[in-house]
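Asks: Give me the fold of what follows.
(2 chains)
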Amino acid sequence: MFGYPGGAALHIYDAIFNQDHVEHILVRHEQGAVHAADGYARATGKPGVALVTSGPGATNAITGLATAYMDSTPIVVISGQVKSMLIGTDSFQETDMIGVSRPIVKHSFLVQKAEDIPEIVKKAFHIATTGRPGPVVIDVPKDFTDPEFKFEFNYPSEINMRSYKPAQAGDSSRIKEAVDLIEHSKRPVIYSGGGVIQDDASDELIELAKLLDFPITNTLMGLGAFPGSDPQFMGMLGMHGTYQANMAMHNADLIIAVGARFDDRITNDPKKFSLQAKKIHIDVDPASVSKIIHADVPIVGSAKECLSMLIQEIKGRDLKINHEEISAWNKQVSDWRDAHGLNHSLLELGPQNGKILPQQVVQSLYKETEGEAFITSDVGQHQMFAAQYYHFDKPRQWINSGGLGTMGFGLPSAMGVQLAYPDATVACVTGEGSIQMCIQELSTCLQYGLPIKIINLNNAALGMVRQWQDMQYGGRYSSSTYENSLPDFKALAESYGHIGIKVAKFEDLESAMKECISLKDRLVFLDVDVDPNEHVYPMLEAGNSMDYMWLGKDKKTW
Amino acid sequence: MKRVIALLMENQPGALSRVVGLFSQRGYNIETLVVAPTSDPTLSRLTMSTEGDEQVVEQITKQLDKLIDVVMVSDLGSSDFVERELMLIKFKKDSFPEDSFDETNIVSNNEEIVNVQIIGTSSELDQLILDTAYSNPIEIVRSGPLGISSDKNTLSIDN
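Replies: Modelled structure (predicted):
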């Protein structure tokens, strides 16, 4: 449990003091508490918990809640509330937390009676972790946690809610229809998202992909569900997806979508999206199916269950796949990769115009951690470089704010991961913009001895903003640079009691990375000066189909 | 196209605000909204009308169904249904259009003011407003339509 005390939560804090079951981690800002709980949930699959006080404590938790909501992660946020008789009177530190958080939670509870608390807690965890997971808020007025009043403790052993019964198995006739489409496809693509990771369905996804030998791509949220270093993997798709993944999606005749929601970073213009393809859409949330792209075969159910059903149906049939067509299609994908795929050997090129490329830093991190670290990230160019260049071979290894795009997520979420896996290497790939949004958590890391590796791709500018200003605003850098006001991050890290390393020359990069990763017991802030003019490519051309991509500053596909 | 959606939800504080909030959050439009507890006091029944094509209404019903407090949702327009709305109109006595109403419509009557009530489909009420406009009604209040399906299907948790 991550949290920050305050008036309305003090009875709860006193109860925490008097027990040993729940470990409480004191953060430095409530946003950090919620992101840390979120990071813990994403890395483990278990629900994360944050505890905050009323008023500003509650509103500071909002960004964290919205982040978890957009990425469907199971967290429970308990917020203190003013005494029930004061609600509605604009009393000190009062905020209508239920109202403020309503559009960004899966559900919320305002406690009305102390006796209801056990059942509400049980329901909250049930709702947060089942179906399409999501954040749940429990708002607790202070008088209902007052230890002066005693009640019998009745924790229900199970919960039955008439209004909440998430789907499990898919419709078997739909599964048959899906396999019929699979048999007739010539240019199929498997497109999987965060739902596969949330549902621990990675093994099933790999089995299906291997069984069919179809090319596969993952969304930003789905990276790691299929091994990133496997040649069958096309890389990420979408806005900054690989050339081959986007071309394959555009030219496909069948898309098998699993736990992905066809959002705007994937489809580009939905009216021009993959017009020749039939779509099979597996999702646990019925509202995600046919929301943006019509599903020819909608399958509502858990990814794990539905993938198992598909595999069973395929194995039970004498599957008539046109192997010749499929291998020609795989050849096409491989030709696309050869033509414009990402260069994963940039380190060998040495410095470029005397500068370090941000991609080289990610490749160096990949090399030094042997691809086995948990990587969290913030939001911007560094996030895309990490997604593109670190091959995630396992689910839950890549932790980022995909839906909301929350700068400041990286460091606190890494705390949650590191606490869950104290012996693992946890690296936060960030930028000098994002890291400053939750940098206060460096203090939390010292208090609890969290040896996170912060890899700061420092281009002295808000890189993604600058890239858009380069591409769409005639290079007018409106409020995207700091005019020499950046802190000395090495000294900053040291002042927080950690180790800081500054890298300005390419020649020092790999040795500094080695030193950074080898310091197992200490938090290391590796501040690397990277080329400020580097852009993230490929990049989809807005308002068009997925085959309209910028491949470089002067290079495009149309 | 106007669509009427009916739903049952838990009769709990905050449940209605989740339903209403969903509409603004997702950019849907609520034309009318009627809500009252049912004979089962733990449940409220809500009837709303909205504008939208097939795809929009499908999304609305799915998103409503996803709300934890919502027990059942039905797009009444997906089969035959009956729709009725109540309207109250206030006229000045000296301009009251007697020919348009009979005694049973009159709910209050004094020296200055006559109030009438009318029940009908929303389009019948629209028409009546047009037909009596010449007599300058001074206040019109409408309930928004209620709906019930014409077949044996019911919106209840018992079946």
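Asks: use CA for all of it now, contacts and neighbours both
Replies: Will do.
Asks: Next to chain A in this structure, residues from chain B, please.
Replies: Applying Cα under 8 Å from any Cα of the partner chain, one finds that chain B approaches chain A through B:18, B:21-22, B:25, B:59, B:62-63, B:66-72.
Asks: Identify those among the residues you listed that sit within strands.
Replies: Counted as lying in strands by DSSP state E, out of the residues of chain B next to chain A, are B:70, B:71, B:72.
Asks: Could you tell me how many residues sit around the first one?
Replies: Going back to what we said before, that points to residue B:70. Residue crowding around residue B:70 was assessed by other Cα atoms under 10 Å in any protein chain shown; the count is 24.
Asks: in the stretch 251-400 of chain A, what residue is nearest chain B?
Replies: residue A:287 (5.1 Å; Cα to the nearest Cα).
Asks: Spatially nearest residue to the residue of the stretch 101-250 of chain A found nearest chain B (excluding sequence neighbours)?
Replies: Residue nearest to chain B within the stretch 101-250 of chain A (Cα to the nearest Cα): residue A:163, separated by 4.2 Å. Take residue A:163 and drop its neighbours on the chain: the residue closest to it by Cα to Cα, 6 or more residues apart in numbering or on different chains is residue B:71, 4.2 Å away.
Asks: List the strands paired with the longest strand seen in chain B, with their directions.
Replies: Criterion DSSP E: the longest strand present in chain B is strand B:81-92. Strand B:81-92 has the following sheet partners, assigned by DSSP bridges: strand B:113-120 (antiparallel), strand B:139-142 (antiparallel), strand B:146-149 (antiparallel).
Asks: And the next helix or strand past the first one?
Replies: The first helix or strand that comes after strand B:113-120 along the chain, using DSSP states H and E, is helix B:122-131.
Asks: just checking, the residue of the stretch 251-400 of chain A closest to chain B touches residue B:57?
Replies: No: with contact defined as Cα atoms under 8 Å, residue A:287 does not reach residue B:57; the gap is 11.5 Å.
Asks: For chain A, list the residues in contact with chain B, please.
Replies: Close to chain B, as judged by Cα under 8 Å from any Cα, chain A has residues A:102, A:103, A:106, A:107, A:162, A:163, A:164, A:286, A:287, A:291.
Asks: Highest neighbour count among those residues?
Replies: Top of these by neighbour count (other Cα under 10 Å): residue A:106, with 26 neighbours.
Asks: The residue in chain B that chain A sits nearest to: neighbour count?
Replies: Among all residues of chain B, residue B:71 sits closest to chain A, at 4.2 Å; criterion: Cα to the nearest Cα. Residue B:71 has 24 neighbours, counted by other Cα under 10 Å.
Asks: and it, what is it in contact with?
Replies: Shown in contact with residue B:71 (Cα atoms under 8 Å, 6 or more residues apart in numbering or on different chains): A:162, A:163, A:164, B:7, B:8, B:9, B:10, B:65, B:157.
Asks: Mind listing what's buried along the longest strand of chain B?
Replies: B:83, B:84, B:85, B:86, B:87, B:88, B:89, B:90, B:91, B:92 (16 or more other Cα atoms under 10 Å in any protein chain shown).
Asks: and it, average pLDDT?
Replies: The average pLDDT for strand B:81-92 rounds to 96.
Asks: now stretch A:44-56
Replies: Mean predicted lDDT for stretch A:44-56 stands at 98.
Asks: Next: stretch A:416-432.
Replies: The model assigns stretch A:416-432 a mean pLDDT of 98.
Asks: what residues does that stretch touch?
Replies: By Cα under 8 Å, 6+ apart, stretch A:416-432 touches A:35-41, A:43-44, A:369, A:372-380, A:382-383, A:386, A:410-411, A:414, A:450-462, A:517, A:520.
Asks: Now do the same for residue B:159: its pLDDT.
Replies: With respect to pLDDT, residue B:159 scores 50.
Asks: and the nearest residue to residue A:45 once chain neighbours are set aside, what does it touch?
Replies: Leaving out its chain neighbours, the residue that sits closest to residue A:45 by Cα to Cα, 6+ apart is residue A:198, at 6.8 Å. Shown in contact with residue A:198 (Cα under 8 Å, 6+ apart): A:42, A:45, A:73, A:133.
Asks: ranges for the helices of chain B?
Replies: Ranges of helices within chain B are B:15-25, B:54-66, B:122-131, based on DSSP state H.
Asks: any idea which of those is most buried?
Replies: helix B:54-66 (a mean of 18; mean count of other Cα atoms under 10 Å in any protein chain shown).
Asks: could I have that one exported to CSV, CA atoms only?
Replies: Extracted in CSV, the C-alpha atoms of helix B:54-66 (Å, rounded to 0.1, in the frame of the first residue of the first chain):
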residue,chain,number,x,y,z
GLU,B,54,-28.0,2.2,-35.0
GLN,B,55,-24.3,2.3,-34.2
VAL,B,56,-24.5,5.1,-31.7
VAL,B,57,-27.4,3.5,-29.9
GLU,B,58,-25.6,0.2,-29.7
GLN,B,59,-22.6,2.0,-28.1
ILE,B,60,-24.8,3.8,-25.7
THR,B,61,-26.6,0.6,-24.5
LYS,B,62,-23.2,-1.2,-24.2
GLN,B,63,-21.6,1.6,-22.3
LEU,B,64,-24.7,1.9,-20.0
ASP,B,65,-24.7,-1.9,-19.4
LYS,B,66,-21.0,-1.6,-18.4
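Asks: got the contact list for it?
Replies: A:286-287, A:291, B:3, B:5, B:19, B:22, B:28, B:70-75.
Asks: Present those as TSV; the columns should include distance to residue A:191 and pLDDT.
Replies: What follows is the contacts of helix B:54-66, written out as TSV (distance: Cα to Cα, whole Å; pLDDT from 0 to 100):
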residue	distance to residue A:191	pLDDT
A:286	18	94
A:287	18	94
A:291	17	93
B:3	35	90
B:5	34	95
B:19	33	95
B:22	29	93
B:28	30	89
B:70	32	96
B:71	33	95
B:72	32	94
B:73	31	95
B:74	32	93
B:75	32	92
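Asks: quick one: which of the residues you listed is nearest residue A:253?
Replies: When those are compared for distance to residue A:253 (Cα to Cα), residue A:291 wins out at 20.2 Å.
Asks: quick one: secondary structure of the closest one?
Replies: Counting by DSSP: H, G, I helix; E, B strand; the rest coil, the backbone at residue A:291 sits in coil.
Asks: Out of the contacts of residue B:71, which sit inside strands?
Replies: Using DSSP E, the contacts of residue B:71 in strands are B:7, B:8, B:9, B:10.
Asks: count of residues packed around the third one?
Replies: Neighbour count for residue B:9, taken as other Cα under 10 Å: 26.
Asks: Retrieve the pLDDT associated with it.
Replies: pLDDT, read off for residue B:9, is 96.
Asks: Who's the closest spatial neighbour of it, skipping the chain neighbours?
Replies: Per Cα to Cα, 6+ apart, closest to residue B:9 is residue B:70, 4.2 Å.
Asks: again with the first one
Replies: When the adjacent residues along the chain are set aside, residue B:7 lies closest to residue B:73, with 4.3 Å between them (Cα to Cα, 6+ apart).
Asks: residues touching the one you found, list them.
Replies: Contacts of residue B:73 by Cα under 8 Å, 6+ apart are B:5, B:6, B:7, B:8, B:61, B:64, B:65, B:155.
Asks: Make JSON lines out of the residues you listed and add distance to residue A:203.
Replies: As requested, those are exported to JSON lines (distance: Cα to Cα, whole Å):
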{"residue": "B:5", "distance to residue A:203": "41"}
{"residue": "B:6", "distance to residue A:203": "42"}
{"residue": "B:7", "distance to residue A:203": "39"}
{"residue": "B:8", "distance to residue A:203": "40"}
{"residue": "B:61", "distance to residue A:203": "34"}
{"residue": "B:64", "distance to residue A:203": "33"}
{"residue": "B:65", "distance to residue A:203": "31"}
{"residue": "B:155", "distance to residue A:203": "41"}
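Asks: May I ask which two of the residues you listed are separated the most?
Replies: Every pair of the contacts of residue B:73 checked by Cα to Cα; the farthest is B:64 and B:155, at 14.8 Å.
Asks: Let's test this: what are the backbone torsions at the residue of chain B most remote from its centre?
Replies: The C-alpha centroid of chain B is most remote from residue B:111, which lies 32.0 Å away (Cα atoms, centre = their mean). Per-residue torsions, residue B:111: phi -60, psi -30 (degrees, to the nearest 10).
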